[in-house]
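Q: this one's sequence-less:
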């Protein structure tokens, strides 16, 4: 198996997404809310990310770092940026405080116009009301030779996957069964991916797939 | 990560199961029947097994061979042995013809008493009406120093998993989304496994987990 990141180095930028997923296919538990954006009972999906600075987790850390470093722009769904269903109050600047961890342009899919929001540390939130394809065009342009990451949530990743706009999907398979929540692969037509890389670690298995478009 | 098969070589026999599973968690498609025991649209779950003698599939072949060689006895659910819900006609001897591929004792969970069935090539089907724990006792005894495999179907594997009787679970993760069918991990309480080994191949990813009991 070849690593697509090696093959394309310095040549092609791709559209990618990476999600933590349980053995039973959930990318979030039930009861998603302001306080628990991944839902209740879904702590295991994210716990490993918070432990990557611990001994024995070097491969997990390296993989997350590489995903971040390769990314030149992000796209996120409206629920990932903020709560509720309507327009946000101008005082709402996302979940991440004054310096969000993106350090890059972020395009937010929304139905409500809003001026771009420049945050500390190089993150700019740009609000796109013209739909996912326009957001992708703008993100590609902003990313240049680097990748565009569909940051989430699961519904937004699914939307790009279903539209054939995703080149690569990285799943961090967490060895737990949650029993309830939001499933990444629900309501998708039949779909086949191509395994490109697997990386095992003591706590999570990283699975890199190319989509049919890419392979 | 250590391979439990290396660690325990010649020492402990374990209870194991291996199942092909889709990205969305299905181990069988919808519409399971006599003609399509894995359901319709689920050909991808089994196709890779039929191709293991082709070039580039050596690791898949080796893994399946090792699973088979380590196994001293099998347990299967009644639906895996035969169709229908009642007692089978005495003429029904399983789906596999006169020489089934087990070449070992097979214990069949059923509610209907029946004399053991000796087939060609070393397979004997023994019918157990006293439930899964008794079947396991008898299979352990028959397997000696080798492993007991819960052969399937998914409901039977789930039953042993939920009862804490499974030491190891091997998932052959097939990179397809089926959208419907029978899910291995449905109706299980929350559960955590421990990754023990991952083996990537061009078509399928093999994931070996230990259960909490074992780790």
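A: Here it is on my side, so go on. Fair warning: this is a prediction, and the values are worked out from it, not measured in the lab. Numbers count the residues shown, from 1 in each chain, chains lettered A, B, ... in the order given.

Q: So, low pLDDT: which residues of chain A?
A: By pLDDT under 70, the weakly predicted segments of chain A are A:1-11, A:33-35, A:37, A:213-215.

Q: Close to chain B: what parts of it are there?
A: Counting by CB under 8 Å from any CB of the partner chain, the residues of chain A lying close to chain B are A:1, A:23-25, A:41, A:44, A:171, A:173, A:175-179, A:183, A:185-186, A:188-195, A:197-205, A:207, A:209. In short, each C-beta sits where N, CA and C put it, glycine included.

Q: now these: which count as buried?
A: Among the residues of chain A next to chain B, those scoring as buried are A:23-25, A:41, A:44, A:171, A:173, A:175-179, A:183, A:185, A:188, A:191, A:193-195, A:197-201, A:203-205, A:207, A:209 (criterion: 16 or more other CB atoms under 10 Å in any protein chain shown).

Q: Grab the nearest non-local neighbour of residue A:24.
A: Sequence neighbours aside, residue B:185 is the residue nearest to residue A:24 in space, at 3.8 Å (criterion: CB to CB, 6 or more residues apart in numbering or on different chains).

Q: wait, is that neighbour part of a helix?
A: No. Assigned with DSSP: H, G, I helix; E, B strand; the rest coil, residue B:185 falls outside any helix and is coil.

Q: OK, contacts around it?
A: Residue B:185 is in contact with A:23-24, A:177, A:179, B:25, B:158, B:191, counting by CB atoms under 8 Å, 6 or more residues apart in numbering or on different chains.

Q: can you give me phi and psi for it?
A: Here is the backbone geometry of residue B:185 (degrees, to the nearest 10): phi -100, psi 10.

Q: so is the residue minimising distance to the centre of chain A in a helix, a strand, or just coil?
A: For chain A, residue A:151 is the residue whose C-alpha lies nearest the centre (CA atoms, centre = their mean; 2.7 Å). At residue A:151 the chain is in strand, as set by three-state DSSP.

Q: Ok, residue A:61 next?
A: Residue A:61 is classified as helix under three-state DSSP.

Q: ok, residues contacting the one helix or strand residue A:48 maps to?
A: Residue A:48 is part of helix A:43-50, with elements assigned from DSSP states H and E. The contact list for helix A:43-50 (CB under 8 Å, 6+ apart) reads A:20-22, A:26-29, A:38, A:57, A:60, A:64, A:172, A:174, A:176, A:178, A:203-204, B:192.

Q: Among the contacts of residue B:185, name the ones in strands.
A: Counted as lying in strands by DSSP state E, out of the contacts of residue B:185, are A:177, B:191.

Q: a markdown table for the contacts of residue B:185, including distance to residue A:117?
A: Below are the contacts of residue B:185 laid out as a markdown table (distance: CB to CB, whole Å):
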| residue | distance to residue A:117 |
| --- | --- |
| A:23 | 37 |
| A:24 | 37 |
| A:177 | 39 |
| A:179 | 37 |
| B:25 | 38 |
| B:158 | 48 |
| B:191 | 41 |
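
Q: which among the contacts of residue B:185 gets closest to residue B:74?
A: Proximity of these to residue B:74 (CB to CB) peaks at residue B:158, which lies at 16.6 Å.

Q: Look up phi and psi at the spatially most distant residue from the centre of chain A.
A: Distance from the centre of chain A peaks at residue A:55, with 25.6 Å (CA atoms, centre = their mean). Phi and psi for residue A:55, reported as degrees, to the nearest 10, are phi -60, psi 140.

Q: what's the answer for the one 10 residues further on, then?
A: When read as degrees, to the nearest 10, the backbone of residue A:65 gives phi -60, psi -40.

Q: Identify the residues contacting whichever strand or helix holds residue A:142?
A: Taking DSSP H and E as the definition, residue A:142 sits inside helix A:132-143. Here helix A:132-143 makes contact (CB under 8 Å, 6+ apart) with A:13, A:15, A:71-75, A:104-105, A:107, A:109, A:126, A:128, A:148, A:156, A:159-160, A:163, A:165.

Q: So among those residues, which ones count as buried?
A: Judged by 16+ other CB under 10 Å, buried ones among the contacts of helix A:132-143: A:13, A:15, A:71-75, A:104-105, A:107, A:109, A:126, A:128, A:148, A:156, A:159-160, A:165.

Q: Okay, buried residues for the helix holding residue A:48 please.
A: Neighbour count says helix A:43-50 has A:44-45, A:48 buried, by 16+ other CB under 10 Å.

Q: What of stretch A:133-141?
A: Result for stretch A:133-141 [16+ other CB under 10 Å]: buried residues A:135-136, A:138-140.

Q: Contacts for stretch A:101-118, please.
A: Contacts of stretch A:101-118 (CB under 8 Å, 6+ apart): A:71-78, A:81, A:86-88, A:90, A:93-94, A:100, A:121-129, A:131-132, A:135, A:138-139, A:142-143, A:151, A:156.

Q: Now do the buried residues in stretch A:205-215.
A: Neighbour-count burial for stretch A:205-215 [16+ other CB under 10 Å]: A:205-211, A:214.

Q: same thing with stretch A:112-128?
A: A:114, A:117, A:119, A:123-128.

Q: and that stretch, how far apart are its ends?
A: Taking CA to CA, to the nearest Å, stretch A:112-128 runs 8 Å from one end to the other.

Q: tell me how far stretch A:86-95 is from the chain's mean position?
A: Counting by CA atoms, centre = their mean, to the nearest Å, stretch A:86-95 is centred 20 Å from the centre of its parent chain.

Q: Got a ChimeraX select line for the buried ones in the contacts of helix A:43-50?
A: Applying 16+ other CB under 10 Å to the contacts of helix A:43-50, the buried members can be selected in ChimeraX as follows:
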select /A:20,21,22,26,27,28,29,38,57,60,64,172,174,176,178,203,204
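
Q: picking up where we left off before, how near is the residue farthest from the centre of chain A to chain B?
A: 15 Å (CB to the nearest CB, to the nearest Å).
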